[in-house]
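Q: have a look at this prediction, sequence included:
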Amino acid sequence: MCLAVPGKILEIMGDDPLLRAAKVSFAGVIKLISLTCTPEARLGDFVLVHVGVAISVIDPQEAEETFRYLRAMGELDGLDIPSPVASPPDEPRRSPAQRDEGGRITASTLSP
């Protein structure tokens with residue numbers, strides 16, 4: 001059985017649609033993920049990831065539902081998963097691209 005796991009995009013690197021990548025948080029575990037199949041993905045989005053590739057952008061409620069299923073299967077035992085829908089409503093979801101000195105789009109460069 002194959003499984004796609006939701007994660008939250010923390011940082012996006014690259015502008016070329018075929019080479020774009022992101023640092024994605026899975027319950028605090030950060031992985032570098034390809035965004036080749038999800039050119040619409042933006043900083044702060046939740047994505048479903050399968051074998052290192054984001055295969056779709058999902059809303060926070062769908063991410064929460066997926067986490068519930070994974071918990072029920074025992075796949076998240078020992079992990080503290082924050083609720084995606086518990087984010088403050090004024091948290092920026094999509095913002096104009098802001099880059100750090102290395103040219104990467106980062107959460108730390110977002111302005112409220």
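A: All right, it came through fine.

Q: from here on, just use CA atoms for contacts and neighbour counts.
A: OK.

Q: which stretches in the chain count as helices?
A: With helices called from DSSP state H, the chain shows them at 60-72.

Q: so where is it shaky, pLDDT-wise?
A: Within the chain, the ranges that satisfy pLDDT under 70 run 1-2, 75-112.

Q: what about the strands in it?
A: Counting by DSSP state E, the chain has strands at residues 5-13, 21-26, 29-34, 46-50, 53-58, 105-106.

Q: can you list the buried residues in the third one?
A: For strand 29-34, the buried set under the neighbour-count rule, 16 or more other Cα atoms under 10 Å, comprises 32-34.

Q: follow-up on the earlier one: closest one to Glu64 among the strands of the chain?
A: Among those, the nearest to Glu64 by Cα to Cα is strand 5-13 (8.6 Å).

Q: how about CSV for the strands of the chain, with distance to Phe67 added?
A: What follows is the strands of the chain, written out as CSV (distance: least, Cα to Cα, whole Å):
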stretch, distance to Phe67
strand 5-13, 8
strand 21-26, 10
strand 29-34, 15
strand 46-50, 11
strand 53-58, 13
strand 105-106, 25
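
Q: and those: which comes nearest Thr66?
A: Short answer: strand 5-13, nearest of these by Cα to Cα, at 7.2 Å.

Q: and the contacts of stretch 13-24?
A: 7-12, 30-36, 39, 103-105 (Cα atoms under 8 Å, 6 or more residues apart in numbering).

Q: Arg68: which of the strands of the chain is closest?
A: Among the strands of the chain, the nearest to Arg68 by Cα to Cα is strand 5-13 (11.3 Å).

Q: quick one: which of the buried residues of strand 29-34 is nearest Leu70?
A: Using Cα to Cα, the buried residues of strand 29-34 come closest to Leu70 at Ile33, 20.3 Å.

Q: my guess is the closest one contacts Ile55. True?
A: No: Ile33 is beyond contact range of Ile55, at 10.2 Å (criterion: Cα atoms under 8 Å).

Q: for stretch 16-28, buried residues please.
A: Buried-residue list, stretch 16-28, by 16+ other Cα under 10 Å: 20-26.

Q: if we can go back for a sec, who touches both of Ile33 and Ile55?
A: Counting by Cα under 8 Å, 6+ apart, the shared contacts of Ile33 and Ile55 are Val49.
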